[in-house]
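**Q** Next input, structure requested:
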Amino acid sequence: MKPELLGNKFFAVKGYTEVLDRETQKLSAYRVNISIQDEESDFFMEMIQVKVNTATPTLSAQDMANNKTKDVILKDLTVGQYNGNLWFSASDILPVKQA
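**A** The predicted structure is shown next:
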């Protein structure tokens, strides 16, 4: 599946969940629930879980803790499949600049 099909308007919902490295048990990434809000997307209003592959995302854990929802940009969003399940990942999560 191409990530473009999801659209480009996303809300992060609630906060992050930490992802620990299997070997070192140190923080290696975060997971975040994302609501797809692009009305042109076939997946409008769907909730997906995205793994943000950095321990230091631009939109910090503190920023996420202070907001129930937040407009975000998912940098380098990818979609894959493993054992019949879709998975979503991004290299970073950025706040949307308000005009």
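**Q** hey, let's count contacts and neighbours off CA atoms from now on
**A** Fine.
**Q** what bridges to the nearest residue to residue 18 once chain neighbours are set aside?
**A** Distance criterion Cα to Cα, 6 or more residues apart in numbering; nearest residue to residue 18, sequence neighbours excluded, is residue 30 at 4.7 Å. For residue 30, the beta-bridge partners under DSSP bridges are residue 18, residue 52.
**Q** Contacts only, for residue 30.
**A** Taking Cα atoms under 8 Å, 6 or more residues apart in numbering as the criterion, residue 30 is in contact with 16, 17, 18, 19, 51, 52, 53, 54, 55.
**Q** can you rerun that using 6 Å?
**A** Counting by Cα atoms under 6 Å, 6 or more residues apart in numbering, residue 30 touches 16, 17, 18, 19, 51, 52.
**Q** list the buried ones in stretch 14-30?
**A** Neighbour-count burial for stretch 14-30 flags 14, 15, 16, 18, 19, 28, 29, 30 (criterion: 16 or more other Cα atoms under 10 Å).
**Q** Any idea how many residues pack against residue 66?
**A** 11 (other Cα atoms under 10 Å).
**Q** Please tell me how far it sits from residue 52.
**A** Remark: distance between residue 66 and residue 52 (Cα to Cα, to the nearest Å) = 19 Å.
**Q** ok, now residue 91?
**A** 6 Å.
**Q** for residue 4, same thing?
**A** Distance, residue 4 to residue 52, using Cα to Cα: 18 Å.
**Q** swap in residue 35?
**A** Applying Cα to Cα, the value for residue 35 to residue 52 is 15 Å.
**Q** And for residue 34?
**A** 11 Å.
**Q** Residue 14 too?
**A** 15 Å.
**Q** returning to what we had before: so for residue 34 and residue 52, which sits in the more crowded spot?
**A** Counted by other Cα under 10 Å, residue 34 and residue 52 do not tie: residue 52 has more neighbours, with 26 against 23.
**Q** quick one: that one and residue 90 touch, right?
**A** Yes - between residue 52 and residue 90 a contact is recorded at 5.0 Å, counting by Cα atoms under 6 Å.
**Q** Next secondary structure after the least confident helix or strand in the chain by mean pLDDT?
**A** For the chain, using mean pLDDT, DSSP states H and E, the weakest element among its helices and strands is helix 61-65, scoring a mean of 87. Per DSSP states H and E, the first helix or strand lying C-terminal to helix 61-65 is strand 69-75.
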